[in-house]
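Enquirer: Could you work out the structure for the sequence below:
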Amino acid sequence: MLAYVAGQDVELDADELAGARRRAMLLLASGGDPHRALELDCRAVTALADDVDTPSRRAQLAHGLEELRPEMSGLPRLAAALVRLLGNADLAWRAYAAALLAEELAAD
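Expert: Numbers count the residues shown, from 1 in each chain. Presented below is the predicted three-dimensional model:
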């Protein structure tokens, strides 16, 4: 959820995102139940992450994560998760992609 909240200002073209989500949903469905729990290293998530990845978008996500830092005061588990995401750009990007895919699944 941290990556999802942090990624609210990531600029994604609606058509590009729709196509990437559609391809990810096909990958998810080809692996069985498309409504099963998402994993950050599953093929659908990594494919979506790759499809929408740009250095600019990663920078926007990193900025969004940094902006969450003050909100984590008194929330040790969330603060630790945030530090982990800030320390691993690939993990943060996959978490963001998983959130985008979860958003699509929730819309169904």
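
Enquirer: Hmm, residue 97 is touching residue 43, no?
Expert: No. Residue 97 is beyond contact range of residue 43, at 11.6 Å (criterion: C-beta atoms under 8 Å). Any C-beta I mention is one placed from the backbone N, CA and C, and that applies to glycine too.

Enquirer: Give me the more crowded residue out of the two.
Expert: With neighbours defined as other C-beta atoms under 10 Å, residue 97 and residue 43 compare such that residue 97 has more, 27 against 13.

Enquirer: And that one, how close does it get to residue 73?
Expert: Distance, residue 97 to residue 73, by C-beta to C-beta, to the nearest Å: 28 Å.

Enquirer: With residue 51 instead?
Expert: In this view, residue 51 and residue 73 are 35 Å apart by C-beta to C-beta.

Enquirer: So for the two, which sits in the more crowded spot?
Expert: residue 51 (15 against 9).

Enquirer: helix, strand or coil for that one?
Expert: Following DSSP: H, G, I helix; E, B strand; the rest coil, residue 51 is assigned to helix.

Enquirer: Tell me the spatial nearest neighbour of it, not counting adjacent residues.
Expert: With C-beta to C-beta, 6 or more residues apart in numbering as the criterion, residue 51 has its nearest non-adjacent residue at 3.7 Å, and that residue is residue 20.

Enquirer: okay, which residue of this structure is out on the far edge from center?
Expert: residue 74 (24.5 Å; C-alpha atoms, centre = their mean).

Enquirer: helix, strand or coil for that one?
Expert: Under the three-state scheme (three-state DSSP), residue 74 adopts coil.

Enquirer: Which pLDDT value belongs to it?
Expert: Residue 74 is assigned a predicted lDDT (pLDDT) of 91.

Enquirer: contact partners of stretch 47-64?
Expert: 3, 5-12, 16-17, 19-21, 23-24, 27, 86, 89, 92-94, 96-97, 100-101 (C-beta atoms under 8 Å, 6 or more residues apart in numbering).

Enquirer: mind redoing it with 10 Å?
Expert: The contact list for stretch 47-64, computed with C-beta atoms under 10 Å, 6 or more residues apart in numbering, reads 2-13, 16-17, 19-28, 40, 42, 85-86, 89-90, 92-98, 100-101, 104.
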